[in-house]
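Asker: based on what follows, work out the 3D shape:
(one chain, ligands or ions: 2)
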Amino acid sequence: EAGYLFAPSILSADFARLGDEVERVVEAGCEVIHVDVMDNHYVPNLTIGPLVCAAIRPRTRAVIDVHLMVRPVDALVPLFAKAGADIISFHPEASEHPDRTLALIREQGCRAGLALNPATPLTHLDHVMDRLDLIVVMSVNPGFGGQSFIPSAFEKIAEVRRRIDCYRKRTGRDIRLEVDGGIKPDNIRAVADAGADIFVAGSAIFCSPDVDGGYRGVVGRMRA
Ligand code: DX5
Ligand code: ZN
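Answerer: Ligands and ions are numbered 1, 2, ... in the order given. Next up is the predicted model:
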């Protein structure tokens, strides 16, 4: 499973014991923690702000992968950078000037990603590939954990994989392909085969009776 990264989403963790949940899933082997930021405006839910990100930062050396589901985007970028984010992704429809937002994220010392909803066309990737470290294909509509994987995402993942491979051949630079939403032990292999290399999983890990078993249940399918 060389190159694959697993990114548990703390959206489904027990928020009353968040630091312990993070430590547990990192002990189980994950190297990335996915933080879902929802603003009750761009998406119909309200979750985590920079304070919570800053609170988990000293608890782990894992990469903190902040997924902004907010509009507008730019004012929050420096706040999450200061709170210890390593990666910041946002939705292009939510920014007035996505190219500027991508540049801002990198100026703040973070890696930059664009997240594409199920109905968002890949044309948003045109002209900004040089500014991207990560492309997030959403396999659910953003807003809630525990939703079902939307099958049309498979074709989209494959198309993004083709674009990234083309880009890498041309420039020598790699861009990671993260898939977010509805990933379970029974579909993660197919998501990888379509071309993903980072896998977000929330409910599959944190809603299982023990986090360690949930994590191994997801990752184990990749080794089978
Ligand atoms: C959806 C979030 C996802 C999601 C992952 O809005 O961005 O990260 O909650 O959770 P599961 O794996 O439960 O779909
Ligand atoms: Zn997410």
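Asker: just checking stretch 205-224 against ligand 1, any contact.
Answerer: No. Judged by C-beta under 6 Å from any ligand atom, stretch 205-224 and ligand 1 are separated, with a smallest distance of 7.5 Å. The C-beta positions use only the backbone N, C-alpha and C, and glycine is treated the same way.
Asker: residues touching that stretch, excluding its own?
Answerer: 1, 4, 6, 8-14, 21, 24-25, 27-30, 146, 183-186, 188-189, 192, 199, 201, 204 (C-beta atoms under 8 Å, 6 or more residues apart in numbering).
Asker: quick one: which of those residues sit in helices?
Answerer: 21, 24-25, 27, 188-189, 192, 204 (DSSP state H).
Asker: so which of those residues is the closest to ligand 1?
Answerer: Nearest to ligand 1 among those is Ala204, at 5.6 Å by C-beta to the nearest ligand atom.
Asker: nearest spatial neighbour of that closest one, chain-adjacent residues omitted?
Answerer: Lys184 (4.9 Å; C-beta to C-beta, 6 or more residues apart in numbering).
Asker: pretty sure the one you found sits against Gly202.
Answerer: No. Assessed by C-beta atoms under 8 Å, Lys184 is found out of contact with Gly202, at 10.6 Å.
Asker: what packs against the helix ranked longest in the chain?
Answerer: Criterion DSSP H: the longest helix present in the chain is helix 153-171. For helix 153-171, the elements it packs on are strand 134-138, strand 176-180, helix 188-194, judged by 3 or more C-beta pairs under 8 Å, 6 or more residues apart in numbering; DSSP states H and E.
Asker: up against ligand 1, what does this structure have?
Answerer: Residues of the chain lying near ligand 1 by C-beta under 6 Å from any ligand atom: 9, 11-12, 34, 36, 67, 140, 142-147, 180-183, 200-204.
Asker: so among the residues you listed, which ones count as buried?
Answerer: For those, a burial check counting by 16 or more other C-beta atoms under 10 Å picks out 9, 11-12, 34, 36, 67, 140, 142, 144-145, 180-183, 200-204.
Asker: out of the residues you listed, who's near ligand 2?
Answerer: Of the residues in these, proximity to ligand 2 by C-beta under 5 Å from the ion holds for 36, 67, 180.
Asker: the last one reaches Val200, doesn't it?
Answerer: Yes. With contact defined as C-beta under 8 Å, Asp180 and Val200 form a contacting pair (4.1 Å).
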